[in-house]
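Asks: got a predicted structure plus its sequence, pasted below:
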Amino acid sequence: MEPFAARLLKLVLDKCQGASFSELRFISDMAPAFVDKDGPHFIDVAYLSTTLVHELHQTCLMLADDPVADSEASATYTFFLRRLGRVQCKYQRRGNVASLILVRDSDAAETIGAIRPKKRPSLRAKAKPESKRKRD
């Protein structure tokens, strides 16, 4: 995993925590942004290089649900992030411009915790063997 790209992704997720956004945008020569019903909101970090957007793509690609054909130009895949839920990722590179767009699944507006079965109560007494009965 690209350590700087992973830290940047975590930083962006931390900065937009609590916001009700539908997508995250990482576009070269721009600051990262999240989009909500009011439009895009840029996050105050350094502008992204084409190489860094590609490294972000490689980081997300490792989380993909299914194998993705390795293409330098474009890729679309899905994965799960604990903070966002199911995410569809779209990567495109044209010349010196790269973009990575993470779109929330329409059903993943809220992250729902896993449903775990209740733990059964432990037995408190030892089992005793049945006494032999007389058969009539």
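Replies: Arrived safely.

Asks: is the closest residue to Leu61 other than its chain neighbours within a helix or a strand, and which one?
Replies: In space, Leu61 comes closest to Val68 once its chain neighbours are excluded; the distance is 6.1 Å by C-beta to C-beta, 6 or more residues apart in numbering. To be clear about C-beta, it is placed using only N, CA and C from the backbone, and glycine gets the same treatment. Using DSSP states H and E, Val68 falls within no helix or strand.

Asks: show the average pLDDT along stretch 55-65.
Replies: The average pLDDT for stretch 55-65 rounds to 86.

Asks: scratch that, stretch 20-38 is what I was asking about
Replies: Here the mean pLDDT over stretch 20-38 is 90, rounded to a whole number.

Asks: let the chain start at 234 from now.
Replies: Taking 234 as the first residue, the last one we looked at is stretch 253-271.

Asks: which residues sit against stretch 326-333?
Replies: The contact list for stretch 326-333 (C-beta atoms under 8 Å, 6 or more residues apart in numbering) reads 258-262, 283, 286-287, 289-290, 293, 305-307, 322-325.

Asks: need the pLDDT of the residue nearest to Leu294.
Replies: Reading off the confidence values, Val301 has pLDDT 76.

Asks: buried subset of the contacts of stretch 326-333 as a PyMOL selection?
Replies: A single PyMOL command selects the buried members of these (16 or more other C-beta atoms under 10 Å):
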select buried, resi 258+259+260+261+283+286+287+289+290+293+322+324+325
